[in-house]
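Trainee: need coordinates for the following:
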Amino acid sequence: MITIEDDGARMFLDLVEASIREGRRITVEEARRLLSTRGMSFTLSAYERLLGLTGDDVVSILVNLGSEHPVNTEPVKLRLEEGLRRCYSLEAASRLRRQVDAVHSLDFGEAERKALRYLPEGTVIESTVYLTVDAFNPGMVRGGDVGRSILHGLDDINMDHMAHEFHHAGVMSCLSRRPGLAKLATGADTREEVAAQLVCHLVSEGLANHYCTPMMVRAGDHKSPEANERIRGYEHCQSAMLEETWSLIRDCLDREEPLEGCRGRLMAILIDRESILPRVHFIGERIISVLEEDPEIGFDEIIELCLRPENLVSLYAGPADRRGLPRLPDGYALKLRQIMAEM
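Mentor: This next block holds a predicted model:
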């Protein structure tokens, strides 16, 4: 079942309109009240951990919207501020409000049904779509719920993209049956958990991109020049990127690198601070593509990864050998499977 929550988006638009009409800036008190809404809390809770973006950072951005120049120079914060500043006008607020109203008439069931085709039988997607004010990311999933930013065109929501996000929610539902793996959604406390977290992300992003949004990781006329350059760079370095992925898992299992170093390397794979295409999207999709193209591996085995992500490394080994692609050595693969099987 899919529900929609728009409290944060509507309050943001209310504050923009009121501050412009009254010839004043948004106050600190108003900004903090906005951050307490469910939609804004959803976004901030993700970015505090992933990007180091704090509530005070967002408040400073909000109260500065009416000024001539941005308050930030740090890339992530500046990107958020510039996105908010672009909609700081009565015309933009009115347009966004119409789009927020229209979202409630959309059939998200279409996207839900597509996602369910690539999830284990019996999976249930219970998800709230939060209409967020997020200039950094058009969509994301946290705790099984989906954030969709009003700053990235609500008037042409792509249901394949929503299916991508709902598929993530479905994978989280599958992993919720295994508390040790479900815990990884909030972070990794050991090097072994860093390795397991990476595998879970490879499975989740790989399946969602391959089956729901394959064009997201393919260069072409449908992509921006920046995205095409990034994707072609990834294609050129595919073997090196795979080796980087498996080497992180090896180092985590060897327990020689400090935990913070392992976390930092993981975040470099999971997060793209320029918001073009995280490496995990590309790598994960290529791994799933290799599995699907192999005649010895069935569709059900691939979908079963939603329940048993630790099977990815062994399932991938044969096709990788046949193609001459880097893979996790057998000893490490066995050790990782044993560790994750107990989670």
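
Trainee: quick check, residue 140 in a strand?
Mentor: Yes - counting by DSSP: H, G, I helix; E, B strand; the rest coil, residue 140 is found in a strand.

Trainee: tell me how many other residues crowd it.
Mentor: Counted by other CB atoms under 10 Å, the residues lying close to residue 140 total 21. In this view, the C-beta of every residue, glycine as well, is placed from N, C-alpha and C.

Trainee: return the residues in contact with it.
Mentor: Taking CB atoms under 8 Å, 6 or more residues apart in numbering, we find residue 140 in contact with 46, 134, 146, 147, 165.

Trainee: redo that, cut-off 6 Å
Mentor: Neighbour list for residue 140: residue 147 [criterion: CB atoms under 6 Å, 6 or more residues apart in numbering].

Trainee: identify the bridge partners of it.
Mentor: Per DSSP bridges, the residues bridged to residue 140 are residue 147.

Trainee: average model confidence for the helix or strand that residue 340 is a member of?
Mentor: According to DSSP states H and E, residue 340 maps onto helix 330-341. Mean pLDDT, helix 330-341: 96.

Trainee: show residues contacting it.
Mentor: 192, 196, 250, 253, 310, 313, 314.

Trainee: and it, how far out from the chain middle?
Mentor: With CA atoms, centre = their mean, to the nearest Å as the basis, helix 330-341 stands 26 Å off its chain's centre.

Trainee: now do stretch 159-174
Mentor: The chain centre lies 10 Å from the centre of stretch 159-174; the measure is CA atoms, centre = their mean.

Trainee: quick one: buried residues of that stretch?
Mentor: By 16 or more other CB atoms under 10 Å, the buried positions in stretch 159-174 come out as 159-174.

Trainee: please apply the same query to stretch 215-231.
Mentor: Judged by neighbour count (16+ other CB under 10 Å), stretch 215-231 contains these buried residues: 216, 217, 218, 219, 223, 227, 228, 230, 231.

Trainee: so what's residue 322 closest to, chain neighbours aside?
Mentor: Leaving aside its sequence neighbours, residue 322 sits nearest to residue 294 (CB to CB, 6 or more residues apart in numbering; 7.4 Å).

Trainee: just the CA trace of stretch 127-147, in CSV.
Mentor: Listed next in CSV are the C-alpha coordinates belonging to stretch 127-147 (Å, rounded to 0.1, in the frame of the first residue of the first chain):
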residue,chain,number,x,y,z
SER,A,127,5.5,2.7,1.8
THR,A,128,4.9,6.4,2.4
VAL,A,129,5.9,8.8,-0.4
TYR,A,130,7.2,11.9,1.3
LEU,A,131,7.1,15.0,-0.9
THR,A,132,10.4,16.5,0.1
VAL,A,133,12.3,19.8,-0.6
ASP,A,134,15.6,18.2,-1.7
ALA,A,135,17.9,19.9,-4.2
PHE,A,136,20.5,17.2,-3.9
ASN,A,137,18.5,14.1,-4.8
PRO,A,138,15.3,13.7,-6.8
GLY,A,139,14.4,10.5,-4.9
MET,A,140,15.6,8.2,-2.1
VAL,A,141,14.5,5.5,0.2
ARG,A,142,14.9,5.4,4.0
GLY,A,143,13.3,2.9,6.3
GLY,A,144,11.1,1.5,3.6
ASP,A,145,9.6,4.9,2.8
VAL,A,146,10.3,7.0,-0.3
GLY,A,147,11.3,10.7,-0.6
